[in-house]
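> Give me a 3D structure for the following:
(chains A and B)
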Amino acid sequence: QVLLVQSGPEVKRPGASVKISCTTSGYRFVDYMIHWVRQAPGQGLEWLGMINPGVPRGDSAQRFEERLIITGDTSNTVYMELTSLRSDDTATYYCARDLSYMTAGFWGQGTLVTVSS
Amino acid sequence: QFALTQPPSVSEAPGQTVTISCSGATSNPGEKFVSWYQHFPGGTPKLLIHRDNEWPSGVSRRFSGSKSGTSASLAIRDLRPDDEATYYCAAWDASVRALVFGGGTKLTVL
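Next up, the predicted model:
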């Protein structure tokens, strides 16, 4: 059974950073891409980036290139760190594993990040 | 990167069939496979269709995907009240290495 379990909710000040974990189980970790997707209140789904767990660092969507760091480790866990947080980064952040090529077939439960002064 | 355009909302009566469009996807099936997701408020998105028209394990056959030209569609037949959700299409843009989501379509079952 494929499972993705994310870390808990976070409250951050503007300008701070947040790091969310996504711990996977039930499959061979290095065989599938992991994506990060977010949904801000009242908005749609937005893709942030992805990682091939077999390499140290992932790729980010262009608009997040300077603020987003996606990494993985040997404990079947992927991390997403977003820096220089703004109020419009307030959102639920999801990790998701590929089912077929670049298709998010298995999702974590989501992590609410609130950015507020 | 390319954009995927969906109608903001659709509505239909229970028992009927509704179709949600997603325009902008290429007509080359090998280049941009389209996937579809169902998302309930407060829930986790669920993959309904991948590779344009394939079902992941456990997904009801009431949901079906198709593609024609530069548009893709999700059809939901035999509508039920608990189908009320927001539906998103998505496709991989290899030119910028990004997964692009449509804006989402909110389905109301009247």
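> okay, residue 31: pLDDT?
This is for chain A. Per-residue confidence (pLDDT) for residue A:31: 92.
> switch to chain B, that's the one I care about
The model reports residue B:31 with a pLDDT of 61.
> Pull up the residues of chain B that are close to chain A.
Within chain B, the positions lying close to chain A (CB under 8 Å from any CB of the partner chain) are B:1, B:33, B:35, B:37, B:39, B:44-47, B:50-51, B:54, B:56, B:86, B:88, B:90, B:92, B:96-104. In this view, the C-beta of every residue, glycine as well, is placed from N, C-alpha and C.
> Averaged pLDDT, stretch A:7-26. What do you get?
Averaging the model's pLDDT scores along stretch A:7-26 yields 97.
> near chain B, anything from that stretch?
No - residues of stretch A:7-26 contacting chain B under CB under 8 Å from any CB: none, with a closest distance of 12.7 Å.
> how long is that stretch from one end to the other?
From its first residue to its last, stretch A:7-26 covers 18 Å (CA to CA, to the nearest Å).
> How far away from the center of its chain is it?
Distance, stretch centre to chain centre, for stretch A:7-26: 8 Å (CA atoms, centre = their mean, to the nearest Å).
> Pull the residues that contact it.
Residues lying outside stretch A:7-26 but in contact with it, judged by CB atoms under 8 Å, 6 or more residues apart in numbering or on different chains, are A:1-6, A:34, A:75-87, A:93, A:95, A:97, A:108, A:111-117.
> Identify the residues contacting residue A:77.
By CB under 8 Å, 6+ apart, the contact set of residue A:77 is A:21-24.
> Now the most centrally placed residue in chain A: closest residue in space that isn't a chain neighbour?
Chain A has residue A:36 as the residue nearest its centroid, 3.5 Å off, counting by CA atoms, centre = their mean. Leaving aside its chain neighbours, residue A:36 sits nearest to residue A:48 (4.2 Å; criterion: CB to CB, 6 or more residues apart in numbering or on different chains).
> Out of the residues of chain B next to chain A, name the ones that lie in strands.
Judged by DSSP state E, those include B:35, B:37, B:39, B:46-47, B:86, B:88, B:90, B:92, B:98-101 as members of strands.
> still on that earlier bit, buried subset of the contacts of stretch A:7-26?
Neighbour counting with 16 or more other CB atoms under 10 Å in any protein chain shown marks A:4, A:6, A:34, A:76-80, A:82, A:85, A:93, A:95, A:97, A:108, A:111, A:113, A:115 as buried within those.
> Tell me the residues of chain A that contact chain B?
Chain A comes close to chain B at residues A:35, A:37, A:39, A:44-47, A:50, A:59, A:61-62, A:94, A:96, A:99-105, A:107-110, as judged by CB under 8 Å from any CB.
> Taking chain B, what residue is nearest to chain A?
residue B:92 (3.7 Å; CB to the nearest CB).
> Which strand residues bridge that residue?
Residue B:92 has these beta-bridge partners by DSSP bridges: residue B:99.
> and it, what does it touch?
Contacts of residue B:92 by CB under 8 Å, 6+ apart are A:101-102, B:32-33, B:98-100.
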